[in-house]
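1. Quick one, what's the 3D model for this:
(chains A, B, C, D and E, ligands or ions: 31)
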Amino acid sequence: MMGNKKIKRNSTKKGMSPGSLVHIGKQRVTNASIQIVTYNDDIIQLEEFVNELSNINFPKPSKDHVTWINFKGVDIPALENIGKQFNIHDLVLEDILNNSLRPKFEAFEDYYFLSIKMVLTDRDELSYGSVPVHFILGERYILSFVDFEDPIFDAALFRLRNQPKKIRSKGPDYLLFALADVVIDNYFELIETGNDKLEELDDDISNLSNEDIPNLIREYRRVLLRARRGITPVKEAYAILVNDDLHLIREENVKYFSDTKDHILFIIDQMDFLRDNLSAINESYQSIQDNQLNQVMKLLTLIATIFIPLTFLAGIYGMNFSNMPELNYKYGYYTLLGVMIVVAMFMIVWFKRKKWM
Amino acid sequence: MMGNKKIKRNSTKKGMSPGSLVHIGKQRVTNASIQIVTYNDDIIQLEEFVNELSNINFPKPSKDHVTWINFKGVDIPALENIGKQFNIHDLVLEDILNNSLRPKFEAFEDYYFLSIKMVLTDRDELSYGSVPVHFILGERYILSFVDFEDPIFDAALFRLRNQPKKIRSKGPDYLLFALADVVIDNYFELIETGNDKLEELDDDISNLSNEDIPNLIREYRRVLLRARRGITPVKEAYAILVNDDLHLIREENVKYFSDTKDHILFIIDQMDFLRDNLSAINESYQSIQDNQLNQVMKLLTLIATIFIPLTFLAGIYGMNFSNMPELNYKYGYYTLLGVMIVVAMFMIVWFKRKKWM
Amino acid sequence: MMGNKKIKRNSTKKGMSPGSLVHIGKQRVTNASIQIVTYNDDIIQLEEFVNELSNINFPKPSKDHVTWINFKGVDIPALENIGKQFNIHDLVLEDILNNSLRPKFEAFEDYYFLSIKMVLTDRDELSYGSVPVHFILGERYILSFVDFEDPIFDAALFRLRNQPKKIRSKGPDYLLFALADVVIDNYFELIETGNDKLEELDDDISNLSNEDIPNLIREYRRVLLRARRGITPVKEAYAILVNDDLHLIREENVKYFSDTKDHILFIIDQMDFLRDNLSAINESYQSIQDNQLNQVMKLLTLIATIFIPLTFLAGIYGMNFSNMPELNYKYGYYTLLGVMIVVAMFMIVWFKRKKWM
Amino acid sequence: MMGNKKIKRNSTKKGMSPGSLVHIGKQRVTNASIQIVTYNDDIIQLEEFVNELSNINFPKPSKDHVTWINFKGVDIPALENIGKQFNIHDLVLEDILNNSLRPKFEAFEDYYFLSIKMVLTDRDELSYGSVPVHFILGERYILSFVDFEDPIFDAALFRLRNQPKKIRSKGPDYLLFALADVVIDNYFELIETGNDKLEELDDDISNLSNEDIPNLIREYRRVLLRARRGITPVKEAYAILVNDDLHLIREENVKYFSDTKDHILFIIDQMDFLRDNLSAINESYQSIQDNQLNQVMKLLTLIATIFIPLTFLAGIYGMNFSNMPELNYKYGYYTLLGVMIVVAMFMIVWFKRKKWM
Amino acid sequence: MMGNKKIKRNSTKKGMSPGSLVHIGKQRVTNASIQIVTYNDDIIQLEEFVNELSNINFPKPSKDHVTWINFKGVDIPALENIGKQFNIHDLVLEDILNNSLRPKFEAFEDYYFLSIKMVLTDRDELSYGSVPVHFILGERYILSFVDFEDPIFDAALFRLRNQPKKIRSKGPDYLLFALADVVIDNYFELIETGNDKLEELDDDISNLSNEDIPNLIREYRRVLLRARRGITPVKEAYAILVNDDLHLIREENVKYFSDTKDHILFIIDQMDFLRDNLSAINESYQSIQDNQLNQVMKLLTLIATIFIPLTFLAGIYGMNFSNMPELNYKYGYYTLLGVMIVVAMFMIVWFKRKKWM
Ligand SMILES: [Mg+2]
Ligand SMILES: [Mg+2]
Ligand SMILES: [Mg+2]
Ligand SMILES: [Mg+2]
Ligand SMILES: [Mg+2]
Ligand SMILES: [Mg+2]
Ligand SMILES: [Mg+2]
Ligand SMILES: [Mg+2]
Ligand SMILES: [Mg+2]
Ligand SMILES: [Mg+2]
Ligand SMILES: [Mg+2]
Ligand SMILES: [Mg+2]
Ligand SMILES: [Mg+2]
Ligand SMILES: [Mg+2]
Ligand SMILES: [Mg+2]
Ligand SMILES: [Mg+2]
Ligand SMILES: [Mg+2]
Ligand SMILES: [Mg+2]
Ligand SMILES: [Mg+2]
Ligand SMILES: [Mg+2]
Ligand SMILES: [Mg+2]
Ligand SMILES: [Mg+2]
Ligand SMILES: [Mg+2]
Ligand SMILES: [Mg+2]
Ligand SMILES: [Mg+2]
Ligand SMILES: [Mg+2]
Ligand SMILES: [Mg+2]
Ligand SMILES: [Mg+2]
Ligand SMILES: [Mg+2]
Ligand SMILES: [Mg+2]
Ligand SMILES: [Mg+2]
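-> Ligands and ions are numbered 1, 2, ... in the order given. This next block holds a predicted model:
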């Protein structure tokens, strides 16, 4: 159940009841930890727990301050604890433990569940990996669940500390926007790498010696397919966030989610362009290959067509029949050479006409 | 009518009236049986019938307990009996007997009919087979119809016995969710096998000796097409279950059906990825083949282009004309060898320039 | 205007006023006839007319019985007569005379017009032909228009006579369902033939000697395209019949039309599968062809590459230069044979490395 | 601005204000003329103007009669005159002057603007050309704008004169239907030509000598693309005419527009079939080409593989080494011939096994 | 952050707060300037600022006149200044600084934000570049933001000065239409170039010597993909402008936006035609290449098949066996020549039958 196989059942196993809390996928953070940030316009407070996570008593959400709880790593009893204290549905907790969960937004009565994917990019090769990032947004609190070591939320924390007016006064829905926005920004890097790699590929296809091109095209196509599939449900989630009149998202903050939605549409546009571009490169590659084969074949045909008949003629006069009068003609040899030259000339002219030469 | 041909009319024959009860497709279970489970929070009771199925008097659905009747195998009189007692429309009974029924959800006035497909997978090869599983959900009862021996519902029964609070208190709609969820979980296995097989194929295409690749690709494509077609109408059925305000699905249980819908979307995503991946592998295979043909042709052209003119020259001086002065030159032979080497060198240089060598 | 050209204007000619009654297409039944069936729960009566069709006085629709008039063949004055008595719009009469009419459902104030297509199948080859079947459903009557000799409605008549309760008590809308259902059932035969033929094709493509494969694929594709186009508008027509709240279709009979709609969806699914399957077979065929070409080319290259240089060497020592010292060496011949064997071995080893042998 | 370039800006130029009246495209009719027809159930009157078009005083639309004004050719002052008298928006006048206008329906407060395209077909070759035909429908008048010499509206005029009841009593909306219907009927001819030409192509592809096939396929594809693009917006226009409750279209005349919409759907169906058919022909053509190449290559390989080794053997014994004992064996020659026959036989058997012969 | 890399994050960087004003993309205008135009039916006034842009005090929008402010170039403090005075949301200011912003329309409470793209075309080659043009429309004012030197708005200014009735009386929404219309008109030039270039390509593909064709096809495809992606969101924006009942667009001006929407649809139609045309050219090119390869191969096979066996025969009688009786036959040589002619004839006949000659 804890194995690393690529596709896992993304929910309970046969005969296991739904809502059972079992982790699905690879575990990245070795020691789980929980950070609790409480803030309002005036003060901000940070606590970090690394032990006995399942015994933490979380501060009650209150009108006076916003509570942000960041849960890093996988710790099932701690998750059950937080679930109980914030009254989270078992199905949501199950989803949080599922690494291959499809991104989604789900509105429960007194909280929202938003799950997106952070892409793990690599500037040197076009590859695709992803880790889910889950958020639960309540009236006065926000919970975030991450299982990787990237300090992506540190900047948000820094801003929380230093820009009291800009962020701390805008409620937990604004914080949800800011955190999710940082996660989605990672797709831009994937697109940049994609552009670089396709440019390289574009340069390489003239130089057909590279036998790796079909493999690269296949690999890139796979990466783009995966990435496209990772971002599409995020678009659907944001469409709900922006268009539905959600009570936990304040009217004046909808514009921010709309801004992220713009980014998502831009990312999808760029991915589709990359995919179409890859397709064009692929077809171009086929054409160039065909073109070269044509040229090679033309040369072969040329050489063979000119010399095979000539060689036949030479073969004739290489025969050892006792009675072959031509062999004894004084200018037999020169006549034959002349005939050969005429035949060759004739063929060359004919080839030129056919535009094969 | 009872034959095993692949495509059968999935309803009445010409001239046979609609609603006629005739079984369409292969029959898998040899001896039909009926299990009756009645339960409430306090008690649970199980009866199993294997004989005289058409004479069973089913317990009346009541407020005091939920009744689950599991009908295993095909027995038309018994089906008519159950249809009469639970007041099921003839068209539904006809559908239940139809092995190639398209999955669907249909809401009748006092019961719902949900028909889905269980995939029959095989971890060792990528194949597709399916058996329909039908459910009828009433106010206080659920009927399930299966025609295979897989003990997929035993775990549900086990949980019913042992988790009174979790399952037995949630009504027959929750049981419908739990049973259907188990059935749909089988698709995950198909996807895992698909991933393994495509990985194998991916490895094999570099090694082009395998003449079976086009056949495998065709076969896999067919399996994926069938599987995709089996799950798509299930998605439509669940969209109704989740989005329409159905009176027999309690508000608090909609979340569970929504969870299964997530799984279905995930399954479809994965299938589309498999299909696109297969497509990429196929195109890559074509490219690699073309590539290799190019290389083979280049070699042939190289050898032929270099040696055919040289052989012609040798042929010339193999002729038996009595008057061929060159033959008697002292260094005629060596001169010709020199000429041949120059011609060959020239061609090699030219090929190198063309990057064909 | 009565010609047999494939595509005809499906309505009035330029300058001819719309609603002009002219038959478009091939006429199949030579002698038109009209059957009139009147029935209620108690009695059933059948009259058949073969002469003077344009003078028939049709029974007035009445509450006491349902009237079914089946019009077989083409007879324009008789059609005008029926049109006048039942108050049918000229545009509908024009449509009835149009053999290439697109299937459709149209609701007029006091009657509905449903036009579908019966496929003409052939178990021995995959071909597509179709004849339209038109129905007009009124409050207490149904008119059907067919122009072929297939006794498809006889079974319906038989059931009308023998199952008074099941059919005769359900009104003309149920009869419409039953008659149209029989017509649509013919598509199942087309699908069966399609499956058989594609299976044959699948077997044939390994054996590439069959030069007919591209023609068969093209032909089958065309048949599937036509059939798909014939059934798609029928789906649209049934969507209206099922979803719109039509006053001439009684609430309790909607389920029957819904059942036919299920069949239509199943038929479309199967056709799409056939089409995708054909596509897979086609690509597979291309791959196998390419594969074989590769193999042939490899053999050619192998033979040529090994023997061309050797033949050149033999050519060298077949020259007649007077001064070729090697010719006089004692072991010259054996040395050359040895060199040839070494060259050939070397090439074979090289080919094995390249996996071309 | 009056040039004949293929793509023109279809509206005002940069810096020119919108609504500027400038003709875009080729002008076909050299001398503009205006026909004015006024009619009611009792009388019909026709006036034709060919001079001073910009000074005509048009009859005021009135309850007593319908006014039909047919404007033939391009004459900007006359258009401005008619625009002023009937109170037509500048943007509409601008559209009327634009030959590459996309077909559309636009409802203004007291008139409708319908613009469609008449195809210019040619029974002998599959080509596509089109001229826009514009209509303005008011409460009691209809304006039509054509710029070609085809007497397509004469039949309508003939009917107006001779069928007072059928046409003259039905108002200007019915006349709009009748005129537009005549225009759209031209597409049927295009489809007929398309069917003929594709049939010819289908016959030609077996006979691959025709080097023109790729060019024909490309040309036909282009024609179908253009025609498809010309008719699609007409479908959209008619969807509005049929579905929206338009006050200038009388309830009882909607059926007529619906009939034209049926034709449009049929035309689109046929065009899609032509396109798919062309696609199938194209792929078939590729397959047949590949097939033939395969066969040619097999023959070449066969001949070369059999004779190249034999020729090598003959070359060996054509060498002039002084010490070649085999040459002096009595049966050396016959032995070699035997060996050659055995080698050839062996190869032939091997080819037969491979099914290459 | 100010670099020129192709794909940039189009919004805030990781850890930078949203709404931060940073310019993304290349800067084209070196010295920013601001033009302020105020006008009503009676007067028009123009001011231009090139210094201290961040200190300008903009005239308050008033009922008496319309204010048009055209901001040319990039100057962040000046943008902040204008943003503050007109009360524009930070997210909009951020979008204005983003060169790769996806075109969009966004309605804020008291102003609208419309962002479109101007294409930078080149009549001599088919290339695609674009610069965003942003508009903010308020009750009595319009702001435009451009970062290029093209004097596209000068004509609008000229008309403002000279056509007081036509433009100055119609409010800022009409001016928005007029300015945006000028920008969108640039796409027509792209389409014209596209048509010319594809026509050239069409001519070139018969003459296959051009090795650049696959590269051109790839390049053109890329340009069309980019251009299609640039205009599609503009269509969406105009759909909102035309269909939603927007309070800042006066009823009588909607027709103008609708006219621009027609242009956009026409542009998209033309682009799709170009793309499909390119696709047809590409496939045609493949076919022609295959065709030529076939012809070359046929010639090679012909020559080789005829001469290889003949050369073999000549080789036989060129052998030096001491005992080869045929060599001494008086007519041996002539007999062999006869045999050779018969063999050649036979093959030629056979080729003619196969239609390979
Ligand atoms: Mg779950
Ligand atoms: Mg489960
Ligand atoms: Mg962002
Ligand atoms: Mg929105
Ligand atoms: Mg919306
Ligand atoms: Mg933004
Ligand atoms: Mg591709
Ligand atoms: Mg049925
Ligand atoms: Mg039936
Ligand atoms: Mg599940
Ligand atoms: Mg829902
Ligand atoms: Mg879940
Ligand atoms: Mg493919
Ligand atoms: Mg008609
Ligand atoms: Mg007509
Ligand atoms: Mg049926
Ligand atoms: Mg329905
Ligand atoms: Mg519906
Ligand atoms: Mg059914
Ligand atoms: Mg295909
Ligand atoms: Mg315009
Ligand atoms: Mg303009
Ligand atoms: Mg018509
Ligand atoms: Mg309608
Ligand atoms: Mg009609
Ligand atoms: Mg094609
Ligand atoms: Mg942003
Ligand atoms: Mg414009
Ligand atoms: Mg609109
Ligand atoms: Mg216009
Ligand atoms: Mg293409």
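
2. Packing partners of the helix or strand that contains A:Arg275?
-> Using DSSP states H and E, A:Arg275 falls within helix A:254-316. Applying 3 or more Cβ pairs under 8 Å, 6 or more residues apart in numbering or on different chains; DSSP states H and E, one finds that helix A:254-316 contacts helix A:171-184, helix A:186-204, helix A:213-243, helix A:332-353, helix B:254-316, helix E:90-96, helix E:213-243, helix E:254-316. Every residue, glycine included, has its C-beta placed from N, CA and C.

3. Can you list the buried residues in the second one?
-> By 16 or more other Cβ atoms under 10 Å in any protein chain shown, the buried positions in helix A:186-204 come out as A:186-198, A:201-202, A:204.

4. got it, and the third one?
-> By neighbour count with 16+ other Cβ under 10 Å, helix A:213-243 contains the buried residues A:213-234, A:237-238, A:240-242.

5. Flag the shaky bits of chain A, pLDDT-wise.
-> A:1-19, A:207-211 (pLDDT under 70).

6. ok, the residue nearest the centre of it - contacts?
-> In chain A, the C-alpha nearest the mean C-alpha coordinate belongs to A:Ala227, at 3.0 Å (Cα atoms, centre = their mean). If you count contacts by Cβ atoms under 8 Å, 6 or more residues apart in numbering or on different chains, A:Ala227 has them with A:Val119, A:Tyr128, A:Tyr187, A:Leu190, A:Met271.

7. Those: which ones sit near ligand 22?
-> Checked against ligand 22 using Cβ under 5 Å from the ion, these yield no neighbours at all.

8. Looking at those residues, spot the one nearest C:Phe105.
-> Distance to C:Phe105 across the contacts of A:Ala227 (Cβ to Cβ) is lowest for A:Met271, with 42.0 Å.

9. ok, and the closest non-adjacent residue to that closest one?
-> Of all residues not flanking A:Met271 in the chain, A:Arg228 sits nearest, at 5.2 Å (Cβ to Cβ, 6 or more residues apart in numbering or on different chains).

10. my read: that neighbour touches A:Gln270, true?
-> No - the pair A:Arg228 / A:Gln270 is not scored as a contact, 10.5 Å apart, by Cβ atoms under 8 Å.

11. For the stretch 51-200 of chain A, which residues are neighbours of chain C?
-> Within the stretch 51-200 of chain A, no position lies close to chain C (Cβ under 8 Å from any Cβ of the partner chain).

12. Residue of the stretch 51-200 of chain A closest to ligand 11, please.
-> The minimum distance from the stretch 51-200 of chain A to ligand 11, using Cβ to the ion, falls at A:Glu106 (9.0 Å).

13. which secondary structure element contains that residue?
-> Per DSSP H and E: strand A:104-107 holds A:Glu106.

14. Given that strand, what are its sheet partners and their directions?
-> strand A:111-120 (antiparallel) (DSSP bridges).

15. got the buried residues for the strand it pairs with?
-> A:Tyr111, A:Tyr112, A:Phe113, A:Leu114, A:Ser115, A:Ile116, A:Lys117, A:Met118, A:Val119, A:Leu120.

16. Over to stretch A:58-76?
-> So, applying 16+ other Cβ under 10 Å, buried residues of stretch A:58-76: A:Pro61, A:His65, A:Val66, A:Thr67, A:Trp68, A:Ile69, A:Asn70, A:Phe71, A:Lys72, A:Gly73, A:Val74, A:Asp75.

17. So what's the gap between that stretch and the chain middle?
-> Centroid separation for stretch A:58-76 versus its chain: 32 Å, with Cα atoms, centre = their mean, to the nearest Å.

18. and the end-to-end length of it?
-> End-to-end span of stretch A:58-76 (Cα to Cα, to the nearest Å): 16 Å.

19. For the residue lying closest to A:Asp95 once chain neighbours are set aside, give me its contacts.
-> In space, and not counting its chain neighbours, A:Asp95 is closest to A:Leu101: 5.3 Å by Cβ to Cβ, 6+ apart. When the contact criterion is Cβ under 8 Å, 6+ apart, the partners of A:Leu101 are A:Asn10, A:Asp95, A:Ser115, A:Pro132, B:Asp262, B:Phe266.

20. Regarding the residue of chain A found nearest chain C, which helix or strand does it belong to?
-> In chain A, the residue that lies nearest chain C is A:Gly318 (6.9 Å; Cβ to the nearest Cβ). Under DSSP H and E, no helix or strand contains A:Gly318.

21. and it, how many neighbours does it have?
-> Burial of A:Gly318 is recorded as 28 neighbouring residues (other Cβ atoms under 10 Å in any protein chain shown).

22. I figured it hits C:Gly315, correct?
-> No - using Cβ under 8 Å, A:Gly318 makes no contact with C:Gly315, being 9.2 Å away.

23. So the residue nearest to the centre of chain A versus B:Leu278, what's the distance?
-> 19 Å (Cβ to Cβ, to the nearest Å).

24. Around A:Ile43, how many other residues sit close by?
-> Counted with other Cβ under 10 Å, A:Ile43 comes out at 11.

25. quick one, what contacts it?
-> Applying Cβ under 8 Å, 6+ apart, the residues near A:Ile43 are A:His65.

26. The residue in the stretch 51-200 of chain A that ligand 16 sits nearest to: neighbour count?
-> As assessed by Cβ to the ion, ligand 16 sits closest to A:Arg102 within the stretch 51-200 of chain A, at 37.1 Å. For A:Arg102, the neighbour count with other Cβ under 10 Å is 25.

27. wait, is A:Glu48 part of a helix?
-> No - counting by DSSP: H, G, I helix; E, B strand; the rest coil, A:Glu48 is not part of a helix but strand.

28. State the distance from it to ligand 31.
-> 57 Å (Cβ to the ion, to the nearest Å).

29. ok, that residue to A:Ile69 distance?
-> 11 Å.

30. for A:Lys298, same thing?
-> 72 Å.

31. Report whether whichever strand or helix holds A:Leu157 contacts ligand 3.
-> Assessed by DSSP H and E, A:Leu157 sits inside helix A:154-162. No - applying Cβ under 5 Å from the ion, one finds helix A:154-162 separated from ligand 3 by no less than 12.4 Å.

32. Tell me the residue of chain A that sits nearest ligand 31?
-> A:Glu283 (6.0 Å).

33. Enumerate every residue touching A:Asp272.
-> A:Arg228, E:Arg229.

34. Can you pull the residues of chain A lying near chain D?
-> A:Gly318.

35. Domain map for chain A?
-> A:22-287, A:297-354 (the TED database).

36. And the shortest one, end to end?
-> Meaning domain A:297-354. 14 Å.

37. Just give me the neighbour total for the closest residue to ligand 28 within the stretch 151-300 of chain A.
-> Using Cβ to the ion, A:Asp269 is the residue of the stretch 151-300 of chain A that sits closest to ligand 28, at 23.8 Å. Applying other Cβ under 10 Å, we find 17 residues neighbouring A:Asp269.

38. Count the neighbours of the nearest residue to A:Phe49 once chain neighbours are set aside for me.
-> Using Cβ to Cβ, 6+ apart and skipping the chain neighbours, the partner closest in space to A:Phe49 is A:Ile34 (4.6 Å). Look at A:Ile34: counted by other Cβ under 10 Å, it has 21 neighbours.

39. Any residues of the stretch 51-200 of chain A in contact with ligand 3? List them.
-> So the stretch 51-200 of chain A meets ligand 3 at A:Asp181, A:Asp185 (Cβ under 5 Å from the ion).

40. Get me the contact residues on the stretch 51-200 of chain A for chain E.
-> So far as Cβ under 8 Å from any Cβ goes, the stretch 51-200 of chain A lies against chain E at A:152, A:154-156, A:158-159, A:163, A:166-167, A:177-178, A:181-182, A:185, A:188, A:191-192, A:195.

41. Show me the subset of the residues you listed that also lies near ligand 29.
-> Within these, nothing lies near ligand 29 by Cβ under 5 Å from the ion.

42. Just the buried ones from those residues?
-> Buried, going by 16+ other Cβ under 10 Å: A:152, A:155-156, A:159, A:166-167, A:177-178, A:181-182, A:185, A:188, A:191-192, A:195, out of those.

43. distance of A:Asp203 from A:Leu274?
-> With Cβ to Cβ as the criterion, A:Asp203 and A:Leu274 are 16 Å apart.
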